[in-house]
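Visitor: Following is a predicted model, sequence given first.
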Amino acid sequence: MKLIEESNGRSETTTYIFYQDPAERDRYRHVKTITFPDGSWETYDYHQKDLFSSLTKRVVARGDKETNKPQ
């Protein structure tokens, strides 16, 4: 999914990639990676202890456009 925002005559795109494997119950349909307009990105993971606990989201990696490696 891409979110395109226009401001001051410029288009900036934020890209979202989602977990797509239904077998990954804690992750399925949640955001996997976000790539921001400046080229930086974040990768997410999710965990739920049991059916009655809340889902926990955590950033597992961040990177910038120059290195394309986690910070």
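Guide: Alright, I've got the coordinates.

Visitor: quick one: stretch 31-41 to chain centroid distance?
Guide: 6 Å (C-alpha atoms, centre = their mean, to the nearest Å).

Visitor: Identify all contacting residues around it.
Guide: For stretch 31-41, contacts defined as C-beta atoms under 8 Å, 6 or more residues apart in numbering pick out 12-19, 42-44, 62-66. The way it works is simple: take the backbone N, C-alpha and C, and place the C-beta from them, glycine included.

Visitor: and the residues you listed, which two are the farthest apart?
Guide: Greatest spatial distance in these: Tyr19 and Glu66, 27.1 Å, computed using C-beta to C-beta.

Visitor: Buried ones among the contacts of stretch 31-41?
Guide: Among those, the ones that count as buried by 16 or more other C-beta atoms under 10 Å are Tyr19, Glu42, Thr43, Tyr44, Gly63.

Visitor: Where is pLDDT lowest across those?
Guide: Across the set of the buried ones among the contacts of stretch 31-41, Gly63 stands lowest in pLDDT, at 75.

Visitor: Distance check, that one against Thr13.
Guide: Distance of Gly63 to Thr13, computed by C-beta to C-beta, to the nearest Å: 17 Å.

Visitor: same thing with Gln48?
Guide: Gln48 is 31 Å from Thr13, by C-beta to C-beta.

Visitor: Any stretches of this structure with poor pLDDT?
Guide: For the chain, the stretches with pLDDT under 70 are 51-55, 60-61, 64-71.

Visitor: how does it look with 50?
Guide: In the predicted model of the chain, residues 71 satisfy pLDDT under 50.

Visitor: Now do the strands in it.
Guide: Remark: strands assigned in the chain by DSSP state E are 2-7, 10-18, 31-35, 41-47, 56-63.

Visitor: With distance to Arg25 added, can I get those strands in JSON lines?
Guide: As requested, the strands of the chain are exported to JSON lines (distance: least, C-beta to C-beta, whole Å):
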{"stretch": "strand 2-7", "distance to Arg25": "26"}
{"stretch": "strand 10-18", "distance to Arg25": "14"}
{"stretch": "strand 31-35", "distance to Arg25": "15"}
{"stretch": "strand 41-47", "distance to Arg25": "9"}
{"stretch": "strand 56-63", "distance to Arg25": "14"}
